[in-house]
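A.B. asks: turn this into a model:
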Amino acid sequence: MAETMRYRVFGLSGREAELTAQISRHGGAKSRDGRISMIELARIYIFEDPETASGQPQPGRTERAFQMLSQVVEEEDPLTGGEAQFLLGEYYWRMKEWEKAGREFVKASTRNSGNRDFAASSLLRAAQSMKQAGKPRETQELVKRLVDGFSGTRWAEEGKKLVENAK
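C.D. replies: Numbering: from 1, shown residues only. Below you'll find the predicted structure:
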């Protein structure tokens, strides 16, 4: 609690301070609990409003998210590694670096192979990225992988629509 309050004094929002304290307490990327907290904080930095409790934008939040996710990816944990890899794709998507985003989403699809839904959604996101990059051949190849590996799923259906809409 005291640690969380200390982070609040430095201008972090309540949830941000809580997660930062958990990351510190659990040894960062060296423990699964630390990695889970890092992923959650990175998700906030990538997807949510970039303002803290002070009401002022905080420069470097997306860069901090990138650093945390990169540390998580280095650990040999399929669960947290896959999620971190996926969020790296989202990071590059936000930076409008479509090809890099696509590569990260493809990597994510193979990191946690036990979760078919995650793998399929990662492949769809990769195809969407390649479409944004203006890479129709790569988009079609990714959708083919999606349809072949996940036939009949909503992910495969969305992939087919993605290719059809490109024509």
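A.B. asks: test my guess that I46 contacts Y92.
C.D. replies: No. I46 sits out of contact with Y92 when judged by CB atoms under 8 Å, with a separation of 10.3 Å. Any C-beta I mention is one placed from the backbone N, CA and C, and that applies to glycine too.
A.B. asks: find residues that contact each of the two.
C.D. replies: Residues touching both I46 and Y92 (CB atoms under 8 Å, 6 or more residues apart in numbering): there are none.
A.B. asks: which residue, other than its chain neighbours, is closest to A119?
C.D. replies: Spatially, and ignoring its direct neighbours in sequence, A119 is nearest to S109 (4.6 Å; CB to CB, 6 or more residues apart in numbering).
A.B. asks: name the element G114 belongs to?
C.D. replies: In this structure, G114 is located outside every helix and strand according to DSSP states H and E.
A.B. asks: state the helix or strand in which the residue nearest to A119 lies.
C.D. replies: Under DSSP H and E, the secondary-structure element containing S109 is helix 98-111.
A.B. asks: kindly check the end-to-end length of stretch 22-40 for me.
C.D. replies: Using CA to CA, to the nearest Å, the gap from the first to the last residue of stretch 22-40 comes to 11 Å.
A.B. asks: what about this protein, any weak spots by pLDDT?
C.D. replies: Low-confidence regions of the chain, defined by pLDDT under 70, span residues 1-13, 49-59, 113, 166-167.
A.B. asks: do you know how far the spatially most central residue of the chain is from Y45?
C.D. replies: Nearest to the centroid of the C-alpha atoms of the chain, with distances taken as CA atoms, centre = their mean, sits L87, at 0.8 Å. Between L87 and Y45 the computed distance is 10 Å (CB to CB, to the nearest Å).
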